[in-house]
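# no sequence on this one, just coordinates:
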């Protein structure tokens, strides 16, 4: 059976690429600290030696639209082009290309449908920064095949938080039962408190530092009970009008498992939003390369 | 209220570099053209299968024609689409990084939660 080599959850900050590659006067003062944290985070994936990446994100009204909006969708394609004109325009993100792992996509679709999740699929999906940002931070060479999974955290009516957790639990169970010898890393990105297109946007911190503090604690300790007790579709408007992206973190808590403490936890308080990075080694902390003879 | 159509305008303009410039330079004419020619096109269907019933209210049309993002927010336009397109339209006119984004926030400063409903 396949091995879940690492479970990784993080924010996806579209400005990281520009901040980390800028030089001289254009380089923001926080860039060096940010890069150092990302490089440490990247190492947690590298040492897990994954063969394939299952990547959970959310299309930001790029390809998926209100005339035909799926709640949960799995890409099943041999290849994925990535990033869109308006992401180049606003964030300076590069156009990218990654290979797909169609066999795993097909398996997750079939088994997911049979397990009670009516998953949508796409055979021609252009992925956006919710998936390319973690590629840039965690695997910039983008050399591994992926299975993209999109969730709707954007266009009401949304699935409730518990459904995100359940999908995460299902993904974990299915991958551990995948008849393959491959090492799979499951990576998902979302948001802590976030305001976009509202009066609290682009402040000196995220719009609700207290929510962020609690959220990091829930994620780091796998405290699904508290998260599910305190978070609802209605409550998520309060920390910021784009905070429903936190449900992708809740999905990843479902993947990692209840009350399972993360092996790597880091955060960075930036203007506009707090960054947060988590890695779990559910199959044991990997040995350094060459450490076993 | 036709929030869906407001969002459709923002979405289809934001993804098209030519339309972004056209809307920046001549918003009223662009909105009139778009409502006449594009509003009823189903994005995943050929044009001969267009819809027949989509139109802006007068308030929506006027808010779009005057680049009035405060009113568009209050009409329930999707906050992400609104921000993204208006950054594309106006960020270039400000010297300081994020100055437009901060002005956008300030002009909405009279709002506290709950904000206008963005459900479509």
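Right, received. Where do you want to start? Note that the structure is a prediction, hence the values are computed from the model and not measured. Numbering: from 1, shown residues only, chains lettered A, B, ... in the order given.
# tell me which helix or strand the nearest residue to residue A:138 once chain neighbours are set aside sits in.
Spatial nearest neighbour of residue A:138, chain neighbours left out: residue A:45 (4.7 Å); criterion: C-beta to C-beta, 6 or more residues apart in numbering or on different chains. Heads up, the C-betas are built off the backbone N, CA and C, glycines and all. Element membership of residue A:45 [criterion: DSSP states H and E] is helix A:31-46.
# name the next helix or strand following that helix along the chain.
Following helix A:31-46 in sequence, per DSSP H and E, is strand A:52-57.
# on that earlier part again, hmm, who's touching the helix holding residue A:45?
Helix A:31-46 is contacted from outside by A:6, A:8, A:10, A:16, A:19-20, A:22, A:137-140, A:185, A:187, A:263-264, A:266, A:268, A:270, A:275, A:277, A:279, using C-beta atoms under 8 Å, 6 or more residues apart in numbering or on different chains.
# got the confidence number for the residue nearest to residue A:138?
Model confidence at residue A:45, given as pLDDT, is 98.
# swap in residue A:289?
pLDDT, residue A:289: 64.
# which residue does the stretch 51-200 of chain A bring closest to chain B?
residue A:197 (3.1 Å; C-beta to the nearest C-beta).
# which residues touch residue 83?
Using chain A. Contact partners of residue A:83, counting by C-beta under 8 Å, 6+ apart, are A:93, A:94, A:95, A:96, A:127, A:128, A:129, A:132.
# can you look at chain B instead?
Listed by C-beta under 8 Å, 6+ apart, the contact partners of residue B:83 are A:196, A:197, A:201, B:101, B:104.
# burial measure for the closest residue to residue B:66 other than its chain neighbours, as a count.
By the measure of C-beta to C-beta, 6+ apart, the closest residue to residue B:66 outside its immediate chain neighbours is residue B:27, 6.9 Å from it. By the criterion of other C-beta atoms under 10 Å in any protein chain shown, residue B:27 has 16 neighbours.
# residue B:27 touches residue B:69, doesn't it?
No: if you go by C-beta atoms under 8 Å, residue B:27 and residue B:69 don't touch, sitting 11.5 Å apart.
# enumerate the residues of the stretch 1-150 of chain A near chain B.
A:60, A:61, A:62, A:65, A:66, A:67, A:68, A:84, A:85, A:86, A:89, A:90 (C-beta under 8 Å from any C-beta of the partner chain).
# and for chain B, the residue most distant from the center?
For chain B, the C-alpha farthest from the mean C-alpha position belongs to residue B:48; by C-alpha atoms, centre = their mean, that distance is 25.3 Å.
# now do the SS call for that one.
At residue B:48, secondary structure determined by DSSP: H, G, I helix; E, B strand; the rest coil is helix.
# likewise for residue B:9?
For residue B:9, the assignment made with three-state DSSP gives helix.
# surely it meets residue B:31?
Yes: between residue B:9 and residue B:31 a contact is recorded at 7.4 Å, counting by C-beta under 8 Å.
# could I get the phi/psi values of residue A:151?
Main-chain dihedrals, residue A:151, degrees, to the nearest 10: phi -120, psi 150.
# between residue B:9 and residue B:31, which contacts overlap?
By C-beta under 8 Å, 6+ apart, the residues touching both residue B:9 and residue B:31 are residue B:64.
# which strand residues bridge residue A:148?
For residue A:148, the beta-bridge partners are residue A:55 (DSSP bridges).
# just residue A:183 next, same as before
Beta-bridge pairing for residue A:183 (DSSP bridges): residue A:3.
# what sits against it?
Going by C-beta under 8 Å, 6+ apart, residue A:183 touches A:2, A:3, A:5, A:48, A:49, A:50, A:51, A:52.
# doesn't residue A:181 make contact with the third one?
When you say that, I think you mean residue A:5. No: with contact defined as C-beta under 8 Å, residue A:5 does not count as touching residue A:181 (11.7 Å).
# how about stretch A:176-186: buried residues?
Across stretch A:176-186, burial judged by 16 or more other C-beta atoms under 10 Å in any protein chain shown covers A:178, A:180, A:182, A:183, A:184, A:185, A:186.
# pull the distance from that stretch to the chain's centre.
18 Å (C-alpha atoms, centre = their mean, to the nearest Å).
# so what would you say the end-to-end distance of that stretch is?
Distance between the two ends of stretch A:176-186: 11 Å, counting by C-alpha to C-alpha, to the nearest Å.
# stretch A:40-58: how far from the chain's middle?
For stretch A:40-58 - counting by C-alpha atoms, centre = their mean - the centre lies 10 Å from the chain centre.
# buried sites along that stretch?
Those would be A:41-42, A:44-45, A:47-48, A:50-58, for stretch A:40-58 by 16+ other C-beta under 10 Å.
# give me the spatial nearest neighbour of residue 49, chain neighbours excluded.
Unless you meant another one, I'm taking chain A. Using C-beta to C-beta, 6+ apart and skipping the chain neighbours, the partner closest in space to residue A:49 is residue A:183 (5.9 Å).
# was after chain B, sorry
residue B:42 (6.4 Å).
# mind listing what residue 5 touches?
In the absence of a named chain, this looks at chain A. Shown in contact with residue A:5 (C-beta under 8 Å, 6+ apart): A:48, A:49, A:50, A:183, A:184, A:185, A:281, A:283, A:286.
# my question was about chain B, not that one.
Going by C-beta under 8 Å, 6+ apart, residue B:5 touches B:39, B:54, B:55, B:56, B:60.
# pretty sure residue A:150 is in a helix, no?
No: counting by three-state DSSP, residue A:150 is not part of a helix but strand.
# what about it, how many neighbours?
With other C-beta under 10 Å as criterion, residue A:150 counts 26.
# isn't residue A:242 right next to residue A:200, touching?
No: contact status for residue A:242 versus residue A:200: not in contact, 10.1 Å apart, counting by C-beta under 8 Å.
# those two - which one has more neighbours?
A side-by-side neighbour count of residue A:242 and residue A:200, using other C-beta under 10 Å, places residue A:242 first with 25 against 22.
# ok, now how distant is residue A:82 from residue A:147?
Counting by C-beta to C-beta, to the nearest Å, the gap from residue A:82 to residue A:147 is 14 Å.
# between these two, tell me which one has more neighbours.
Higher neighbour count among residue A:82 and residue A:147: residue A:147, with 28 against 23, using other C-beta under 10 Å.
# pretty sure that one sits against residue A:74.
Yes: using C-beta under 8 Å, residue A:147 is in contact with residue A:74, at 6.7 Å.
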